[in-house]
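Colleague: this one's structure only:
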């Protein structure tokens with residue numbers, strides 16, 4: 001059974017989803033792929049994991065890095081789950097590129113190369129925004145496109161983390 005709850009962030013309403021294993025979704029209202037993997041049969045209910053997740057978000061939106069982690073239950077393909085695991089290793093306030101993630105993925109699998117576009121597809125389908133920090137991924141030339149929540153939110157999240165965004169551009 002999946003459960004849902006709402007969180008009002010400074011950037012708009014967020015829908016949280018979880019099951020007995022961990023958080024399965026965190027979406028900005030109206031974002032691309034909103035609630036894509038949410039079970040049709042779910043219940044809006046406050047569970048302890050939501051209290052913990054909302055506390056994490058309160059700390060995050062206050063401009064600080066939370067010093068604890070939330071149990072996650074990622075529900076993508078094996079490839080997506082591996083890419084999302086790499087995303088979780090990108091430090092607070094820093095960025096990486098799709099190409100660097102592709103290279104890291106290829107090296108971990110003993111492959112010659114991996115497509116940055118394939119990585120971009122996996123990053124874009126991340127179901128647990130902010131906590132699995134897909135907003136920290138930029139194009140090789142500093143291009144800020146490709147955030148399901150919208151480029152405006154991506155910029156706000158990076159600025160909140162005090163990431164160096166001076167050289168970034170967006171279309």
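Modeller: Sure, I can see it. None of these values were measured; they are calculated from a predicted model.
Colleague: Residue 100 belongs to a helix?
Modeller: Yes: using DSSP: H, G, I helix; E, B strand; the rest coil, the assignment for residue 100 is a helix.
Colleague: mind checking how far residue 130 is from residue 149?
Modeller: Distance of residue 130 to residue 149, computed by CB to CB, to the nearest Å: 9 Å. For every residue, glycine as well, the C-beta is placed using N, CA and C.
Colleague: buried residues in stretch 107-127?
Modeller: Across stretch 107-127, burial judged by 16 or more other CB atoms under 10 Å covers 114, 116, 119, 120, 122, 123, 124, 125, 126, 127.
Colleague: what sits against the residue nearest the centre of the chain?
Modeller: Nearest residue to the geometric centre of the chain (CA atoms, centre = their mean): residue 129, 2.9 Å. Applying CB atoms under 8 Å, 6 or more residues apart in numbering, one finds that residue 129 lies in contact with 14, 26, 27, 28, 31, 135, 148, 149.
Colleague: mind listing what residue 147 touches?
Modeller: Shown in contact with residue 147 (CB under 8 Å, 6+ apart): 134, 135, 153, 154.
Colleague: Would you point out the most distant pair within these?
Modeller: 134 and 153 (11.0 Å; CB to CB).
Colleague: neighbour count winner among the two?
Modeller: With neighbours defined as other CB atoms under 10 Å, residue 134 and residue 153 compare such that residue 134 has more, 26 against 19.
Colleague: which residue packs closest to that one, ignoring adjacent ones?
Modeller: Spatially, and ignoring its direct neighbours in sequence, residue 134 is nearest to residue 126 (4.4 Å; CB to CB, 6 or more residues apart in numbering).
Colleague: same deal with residue 123?
Modeller: Nearest to residue 123 is residue 134, by CB to CB, 6+ apart, at 4.9 Å.
Colleague: Sticking with the residue nearest to residue 134, tell me its helix or strand.
Modeller: According to DSSP states H and E, residue 126 maps onto no helix or strand at all.
Colleague: Let me know the secondary structure of residue 6.
Modeller: strand.
Colleague: Beta-bridge partners for it, please?
Modeller: Residue 6 has these beta-bridge partners by DSSP bridges: residue 15.
Colleague: Now do the same contact list for the residue located most distally from the centre of the chain.
Modeller: The C-alpha centroid of the chain is most remote from residue 112, which lies 27.0 Å away (CA atoms, centre = their mean). By CB under 8 Å, 6+ apart, the residues touching residue 112 are residue 106.
Colleague: ok, then the element right after the longest helix belonging to the chain?
Modeller: Criterion DSSP state H: the longest helix present in the chain is helix 48-61. Downstream of helix 48-61, the first helix or strand assigned by DSSP H and E is helix 78-87.
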